[in-house]
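Q: my questions are about this predicted structure, shown below with the sequence.
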Amino acid sequence: MAELPEPGDAWRLTHLGRLLGHAMRRFDERVLALMAQAVDVPLALSNLAARQQVSAAHIHITRHLSLDGSRLTDLAARAGMTKQAMGDLVDQCEAWGLVLRESDPNDTRARLVKFTPTGLSWLEGFRSAVKLAEDEFRSEVGKDVATVVLIGLEAYAGSWGADMPRQPRQSRSLK
């Protein structure tokens, strides 16, 4: 026998996708807040984070840029963004001194986006902030629940992780 749907539209506020989205935004906002206070983040960048000039979108570069450098198209695919949108983020991060573009030694027609020394300091600040945010999550929900959530998310995400290029989201108009 099939389960009856919830009456009304309350399900739209409590379904898994919405909760995961809220959790991700909360986590990213907390990471940025912690980075704004971090001593190992370059002062100019922590000031940008404190004034909310750095957004969760900028975290895409921090999450997805290889330490050896990445082509813009690969970086965009890993982040699930269009090449143009990622190009705009890279331009901004380049202006802030986080990344630079240089020739790809394997293909002189291509360019690699790489962390600068300042960008590597930003990355270290990100690593520290993520650890603190994860510790806060464990403290808030309990170690056992945090472990179950982590195992569940790893199982659900499966091989659809950072190493797998994804297609960028296409903008769609509703008709």
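A: Structure's in. What do you need? Numbering: from 1, shown residues only.
Q: how many other residues sit next to L75?
A: Here the number of neighbours of L75 (other CB atoms under 10 Å) works out to 26. All C-beta atoms are positioned from the backbone trio N, CA, C, and that covers glycine.
Q: and it, what element?
A: Taking DSSP states H and E as the criterion, the element that holds L75 is helix 72-79.
Q: from the contact counts, what lies against that helix?
A: When contacts are defined as 3 or more CB pairs under 8 Å, 6 or more residues apart in numbering; DSSP states H and E, helix 72-79 sits against helix 56-64, helix 83-95, strand 107-115.
Q: counting neighbours, which bits of it end up buried?
A: 72, 74-79 (16 or more other CB atoms under 10 Å).
Q: could I get the residues you listed as a markdown table with distance to A110?
A: Formatted as a markdown table, the buried residues of helix 72-79 follow (distance: CB to CB, whole Å):
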| residue | distance to A110 |
| --- | --- |
| L72 | 9 |
| D74 | 10 |
| L75 | 12 |
| A76 | 14 |
| A77 | 14 |
| R78 | 16 |
| A79 | 18 |
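Q: can you redo those as CSV, where the extra columns are pLDDT and distance to C93?
A: Output for these, formatted as CSV (pLDDT from 0 to 100; distance: CB to CB, whole Å):
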residue, pLDDT, distance to C93
L72, 94, 12
D74, 94, 16
L75, 92, 11
A76, 92, 13
A77, 92, 18
R78, 90, 15
A79, 87, 13
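Q: with that, I have no additional questions.
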